[in-house]
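Participant: Provided below for reference: sequence and predicted model.
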Amino acid sequence: MTGPDGVVVLTDRLIARDRLDRVVAGAVAGGVRWVVLREKDLPRAERAALAADLRAILADVGGTLVVAGPDPLGGDAVHLPAAGPYPPPTHTVVGRSCHNRAELDRLTTEHYATVSPVHLTKTKPGYGPPLGPDGLRKLVEVSPVPLLALGGVETPDQVTACVQAGAAGVAVLGALMRAKNPAETAATLTSAYAEAVTPVLTQTRRGVTQVSESGLRPTVPTQGSSLTARSGHGRPQPQTATNEGK
């Protein structure tokens, strides 16, 4: 299993317009295949039950639930905060929240990282200053792992800009949690991602087809394929046993 790409949903039941499982089901119907379960204030038993419900929704489409924190709640994918733990646990998928090059330089066996905030965010307005596409591109260039752009990504144009900056995908919270129609919003964002990573074929005068990458890395495929191949990061990952957040 590779790490997340495309449009990745981060949960927040406190701002969701509907029950969290319904919001996630809508996002999945709109094309999302990766969900990061936050809700770290819940007792473990309640959080584990919620994780089981969300895994069931994702299982129908071959999707994956990532749990924020070192405890995978019966799964095999976690997303760790920048503060720790170090070294990271050995699960099938391990991600980490990062905000600058120093934090990226600490990565070891993680499979991916989020970088934030790319834009100003309503969810955590105190974080910043925003990286913007240029700042994101600079971190992509020095990162040892593929990156997801996080923070204030709400529109198709922002998704496109993040992909063009080299991000493996975008992590979205507020735009989907607050959406009146999560399926429609997810479909709009995932379509923008798919279009951004699809090479444009053009015909030359001699009839030879050429590929225009529109600023993307030349190895970027469509959603659901390998993060390593897409990001250009070829660092080998150790075989691990299947066992945000900031």
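Facilitator: Structure's in. What do you need? Given the structure is predicted, the values throughout are model-derived calculations rather than measurements. Numbering: from 1, shown residues only.
Participant: and stretch 65-76, what's its mean pLDDT?
Facilitator: Confidence over stretch 65-76, taken as the mean pLDDT, stands at 97.
Participant: For that stretch, could you pull out the residues that count as buried?
Facilitator: Neighbour counts over stretch 65-76 (16 or more other CB atoms under 10 Å) mark Leu65, Val66, Val67, Ala68, Gly69, Pro72, Leu73, Gly75, Asp76 as buried. Quick note: C-beta positions are derived from backbone N, CA and C, even for glycine.
Participant: hmm, who's touching that stretch?
Facilitator: Contacts made with stretch 65-76 from outside it, assessed by CB atoms under 8 Å, 6 or more residues apart in numbering, are listed as 1, 4, 34-38, 40, 44, 47-48, 51-52, 54-55, 58, 77-81, 85, 89, 91-93, 95, 242-245.
Participant: among these, which ones are buried?
Facilitator: Buried residues within those, defined by neighbour count using 16+ other CB under 10 Å: 4, 34-38, 47-48, 51, 54-55, 58, 77-81, 91-93, 95, 244-245.
Participant: my read: Val23 touches Ala16, true?
Facilitator: Yes: counting by CB atoms under 8 Å, Ala16 is a contact partner of Val23 at 4.8 Å.
Participant: Can you work out which residues contact both of these two?
Facilitator: Counting by CB under 8 Å, 6+ apart, the common neighbours of Val23 and Ala16 are Met177.
Participant: re the thing from before, of the buried residues of stretch 65-76, which is the nearest to Pro156?
Facilitator: Of all the buried residues of stretch 65-76, the one sitting nearest Pro156 is Val66; the distance, using CB to CB, is 23.8 Å.
Participant: Tell me which helix or strand that closest one sits in.
Facilitator: Counting by DSSP states H and E, the secondary-structure element that holds Val66 is strand 64-68.
Participant: and that strand, which strands flank it?
Facilitator: strand 34-37 (parallel), strand 77-80 (parallel) (DSSP bridges).
Participant: before we move on, back to that, now, among the buried residues of stretch 65-76, which is nearest to Gln158?
Facilitator: When these are compared for distance to Gln158 (CB to CB), Val66 wins out at 21.8 Å.
Participant: Looking at strand pairing, list the partners for that closest one.
Facilitator: Here Val66 shows beta-bridge partners Val36, assigned using DSSP bridges.
Participant: neighbours around Lys138, how many?
Facilitator: Burial measure for Lys138: 15 neighbouring residues, criterion other CB atoms under 10 Å.
Participant: From Ala56, how far out is Ala171?
Facilitator: Going from Ala171 to Ala56 by CB to CB, to the nearest Å gives 22 Å.
Participant: same deal with Val170?
Facilitator: Here Val170 is placed at a distance of 25 Å from Ala56 (CB to CB).
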